[in-house]
Structure formats: C-alpha cells, structure tokens
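Colleague: Got a predicted structure plus its sequence, pasted below:
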Number of protein chains: 2
Amino acid sequence: MKVLVIGANGQIGQLIVDSLQAAGDFSPIAMVRKEEQVAAFKEKGLDSVLADLEGPVEGLASAMEGVDAVVFTAGSGGKTGDDKTLLIDLDGAVKCIEAAEKTGVKRFVMISALQANNRENWNDSLRPYYVAKHYADRMLEMSSLDYTIIRPGGLLNEPGNGKVSAGGKLDRSTIPRADVAETVLEVLKTGHTINKSFDLVSGDDSIADALGKI
Amino acid sequence: MKVLVIGANGQIGQLIVDSLQAAGDFSPIAMVRKEEQVAAFKEKGLDSVLADLEGPVEGLASAMEGVDAVVFTAGSGGKTGDDKTLLIDLDGAVKCIEAAEKTGVKRFVMISALQANNRENWNDSLRPYYVAKHYADRMLEMSSLDYTIIRPGGLLNEPGNGKVSAGGKLDRSTIPRADVAETVLEVLKTGHTINKSFDLVSGDDSIADALGKI
C-alpha cells in the first residue's frame, strides 16, 4: 500500500513515515515542501515528492498519482501567524481533499485535534487554530472520500507505549506522538474506521482494541 | 418581512438597514455587539438585538426568533488580526447558518467577496481573508437554507447609481456600497436568486434586470 504522508517533515509526520516503513506492508512517500527535505528522506532510503500546500490543487493531485492512501498531518505550527493557519491548516487540507477526489485516491486519514468537532470544548488560547481544524474536518466528512479523522489530545515527545483510549468525546488529556503514528498504521490496516472520527489519548487498551470499540 | 441584519453597524450593514427601512415592506432588525450600538439604532427608530458572533450558536439563534430572513454582512475588518478572520468571518458566519437552521429561518443572504469561489482569482494580499469567505460560502451552499450569496467587487463609499452587472465570473472591478445594499433589497423581494451565488460590480443594468439574468 502506497501511502502519501503530507507534512512528512513534521514531528508526527516523521514518526508516521518511520512506522509505515518498519511495518513492511506499506510504502510511504513523504510529501515535503523543500528540496533539502527531499534529499534528507532520500538519504534514509525513502521516497519523497515535492509539493506546496499553498499552491494549486493540480500540483497536489500530481503528488498523489499512483497512491493508495493519503495521511494529512501538515500544520503551519505555532511559529507563524494565523494567516498561515488559514492557508495551510484549512485551505491546504481541503485542497488535498479535492486533489484526492480528483486523482481517485479514496482513502484519506486526517490528523485533527481533540474535540475539534465541538466548539464548546475548544482550548480558548487556540480557538483560531481549532476553527481551521474544525472546517477542514467538516469538509472531509462531506467529501466522497473514505475518511478517518483522528483527533489526538496534547502531543508529547516521550516514547509510545501502545496503550490508548479512543472515543467520540474524551476528556482533555495527552498522548505521545509515537502512539498517534502507530494508530495511523492500525487505521490503514483495516476498513473498520472508514467514515469515522474519534478522539485519541493515552489509555489502557491496545491500539487495535481501542479502534475495535469505535 | 422581518430581516435580521448581522453586522448592522458596519458600512454596508447600515446602508442595508436604511434601505430596508425606506422600502416599507420590510422591518429591519439590527444585530449588534455593543449596548451603545443598540441605543444608536433606537434613536433612529430602529429595532435592534444584542448578540455576539464569538458566542455560542444558541445566542445567535435567540436573536433570530420570529425573523423571516437573515442578511450576513459582518466582518472583522482590516484592523484586527487573522485570528478574528477565523473567529468572525468564518466561524461566526457558519454559526449564524447553524442558528438559522436551528430556528427555522430559511432565507439567508450572504455578503461575500468577488470570486471568493475561485482560488485562482483571489487577491494575493487578501488570501487569508478569501479562505475564510470561501469556506463560509461553501458551508452555506451545503446547508439546508434558501441562500443567496452576493460577491461584490471592491467597495466604494460613493453614492450608488443603481446600475450593476451580476454574473458567475466577473472581472475585478468596483461597486458603491449603496448599490450592494440595494441589491440585497432586490434579492429579498423575490425568490429568483434562491440557491444562487454571483459576482456583483458596477455596470449597465438596473439591479432588477441584472438579477433577472442570473
């Protein structure tokens, strides 16, 4: 299964690429923005493709040619202004959804944020970011794609332990980025979470068991 | 016809309220954010209601009780950051759409921006703003409401002359705010533009004729 990872140079993105590569049944392709990032992935023996989330849908569609699934984990991050939140986290994401529809890539996994679906649970200091994630998710849900929306809690850089909790409405909590990456892998292995959206935090279940309960 | 004007204190909003009041068949209600704005409309003999676009949908729904149509012409403006573009121009607008659905107000007129529907025609210096308008419009088009989306060109403060051009894809041009307000009035008079979206600039047709060609 060829999987295009959009935002492959980000913290979760790199872990997803590594997990997919280690799993054997997957061929990750890192979608990145800069030439030097292409070189870095090549050194690790990984395929990559250059494309710009601020560019037209056509460029993103080209990057998706021959791909079986797309994982969107790009984000403008906290160092840029909310102009980039609008252009990347919202419009960039939706352009990828449109590119997938155009190219015929049905499977689309979105990394969102805990309770992005419920305005009343948005973190006040991050409200503008949540608006962008909220509408990217809604556009995906209204698309023709086989989507899964993963809404992780506060992201940690500690090692994953493979124990999570997944559900429609979870209390605020945290999760290691590595466990989010492993969850993406598990999501791609079966069709069980197609057209489902769920919160994800650290918990007591194995990832497979947690997804089985969704 | 009771018409709630959201953003009634804005430049176009005030003109819409005035046009509706002058037309006779309409009872405008100005939705505003501050107590002193309520007082200012009262002095002019106009009804108003206090509600906050950054607040919950329920508050907006309350403001729509008993109303026959909603006109959304609110905007965060150029003096605030793109955080407010996300919170007002996008999420505020969509919350009003949801409030209208909730309250059963079917008729919804949106003031958008020229070619907000076509990314390739967005004004480069205003791209983040266009992202917000684009998705507010798309959410409205996918709603259950009887919508009309008016996408005016560059807004001028000169007097209107009642001559416009309306169409699916017009070249960049300008239009007096007063002519946009008169177009809203004309849109509300008939069902002809229900579930239609169009660009609007100054032109050669009377407003009724221009809308008739849509």
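Modeller: Perfect, I can see it now. Residues are numbered from 1 along each chain as shown, chains lettered A, B, ... in the order given.
Colleague: The closest residue to chain B within chain A: neighbouring residues, count only.
Modeller: Residue nearest to chain B within chain A (Cβ to the nearest Cβ): residue A:82, separated by 3.7 Å. In this view, the C-beta of every residue, glycine as well, is placed from N, C-alpha and C. Neighbourhood size, residue A:82 [other Cβ atoms under 10 Å in any protein chain shown]: 21.
Colleague: In contact with it, which residues?
Modeller: By Cβ atoms under 8 Å, 6 or more residues apart in numbering or on different chains, residue A:82 lies in contact with A:128, A:129, B:81, B:82, B:83, B:85, B:86, B:128.
Colleague: just the helices in chain A please.
Modeller: Secondary structure of chain A (DSSP state H): helices at A:11-23, A:35-43, A:57-63, A:82-84, A:93-103, A:127-141, A:177-189, A:207-212.
Colleague: Could you export those helices to a markdown table, including columns for mean pLDDT?
Modeller: Shown next, in a markdown table, are those (pLDDT from 0 to 100):
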| stretch | mean pLDDT |
| --- | --- |
| helix A:11-23 | 96 |
| helix A:35-43 | 93 |
| helix A:57-63 | 98 |
| helix A:82-84 | 96 |
| helix A:93-103 | 98 |
| helix A:127-141 | 98 |
| helix A:177-189 | 98 |
| helix A:207-212 | 98 |
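Colleague: returning to that earlier point: buried subset of the contacts of residue A:82?
Modeller: Those of those that meet the buried threshold are A:128, A:129, B:82, B:83, B:85, B:86, B:128, by 16 or more other Cβ atoms under 10 Å in any protein chain shown.
Colleague: and the gap between the nearest residue to the fifth one once chain neighbours are set aside and residue B:91?
Modeller: Beyond its immediate neighbours in the sequence, the residue positioned closest to residue B:85 (Cβ to Cβ, 6 or more residues apart in numbering or on different chains) is residue B:132, lying 4.9 Å away. As defined by Cβ to Cβ, to the nearest Å, residue B:132 lies at a distance of 9 Å from residue B:91.
Colleague: Same check on residue A:79?
Modeller: Using Cβ to Cβ, residue A:79 is found at 23 Å from residue B:91.
Colleague: Just give me the neighbour total for residue A:35.
Modeller: Residues contacting residue A:35 under the criterion other Cβ under 10 Å number 9.
Colleague: I'd guessed it sits against residue A:50; true?
Modeller: Yes. With contact defined as Cβ atoms under 8 Å, residue A:35 counts as touching residue A:50 (6.9 Å).
Colleague: For residue A:110, see how far away the closest residue to residue A:59 other than its chain neighbours is.
Modeller: Distance criterion Cβ to Cβ, 6+ apart; nearest residue to residue A:59, sequence neighbours excluded, is residue A:51 at 5.3 Å. Going from residue A:51 to residue A:110 by Cβ to Cβ gives 17 Å.
Colleague: These two: which has the busier surroundings?
Modeller: Neighbour count, other Cβ under 10 Å: between residue A:51 and residue A:110, residue A:110 has more, with 26 against 19.
Colleague: Return the set of residues that bridge with the closest residue in space to that one that isn't next to it in sequence.
Modeller: Leaving aside its sequence neighbours, residue A:110 sits nearest to residue A:149 (Cβ to Cβ, 6+ apart; 4.7 Å). Beta-bridge pairing for residue A:149 (DSSP bridges): residue A:110, residue A:197.
Colleague: so what's residue A:149 up against?
Modeller: For residue A:149, the contacting residues are A:109, A:110, A:112, A:137, A:140, A:141, A:196, A:197, A:198, by Cβ under 8 Å, 6+ apart.
Colleague: try 7 Å
Modeller: For residue A:149, the contact set (Cβ atoms under 7 Å, 6 or more residues apart in numbering or on different chains) comprises A:110, A:112, A:137, A:140, A:197.
Colleague: okay, now the spatially closest residue to residue A:108 that is not a sequence neighbour: neighbour count?
Modeller: Closest residue in space to residue A:108, ignoring its immediate chain neighbours: residue A:145 at 4.4 Å, by Cβ to Cβ, 6+ apart. Other residues lying near residue A:145 total 21 when counted by other Cβ under 10 Å.
Colleague: And residue A:169, by the same measure?
Modeller: Counted with other Cβ under 10 Å, the neighbours of residue A:169 add up to 12.
Colleague: Nearest spatial neighbour of it, chain-adjacent residues omitted?
Modeller: residue A:199 (6.6 Å).
Colleague: I'd assumed residue A:167 was in contact with that neighbour.
Modeller: Yes. Residue A:199 is within contact range of residue A:167, at 5.8 Å (criterion: Cβ atoms under 7 Å).
Colleague: which parts of chain A sit against chain B?
Modeller: When proximity is defined by Cβ under 7 Å from any Cβ of the partner chain, chain A lies next to chain B at A:56, A:81-83, A:85-87, A:90-91, A:120, A:127-128, A:131-132, A:135, A:142.
Colleague: Please report how far residue A:146 lies from residue A:13.
Modeller: Using Cβ to Cβ, one gets 21 Å for the distance from residue A:146 to residue A:13.
Colleague: Over to residue A:165?
Modeller: For residue A:165, the distance to residue A:13 equals 23 Å [Cβ to Cβ].
Colleague: quick one, which of these two is more surrounded?
Modeller: The neighbour comparison of residue A:165 against residue A:13 (other Cβ under 10 Å) goes to residue A:13, with 25 against 19.
Colleague: ok, the nearest residue to the more buried one once chain neighbours are set aside - contacts?
Modeller: The spatial neighbour of residue A:13 that comes closest, neighbours along the chain excluded (Cβ to Cβ, 6+ apart), is residue A:7 at 4.4 Å. Residues in contact with residue A:7, defined by Cβ under 7 Å, 6+ apart, are A:13, A:72, A:73, A:74, A:75.
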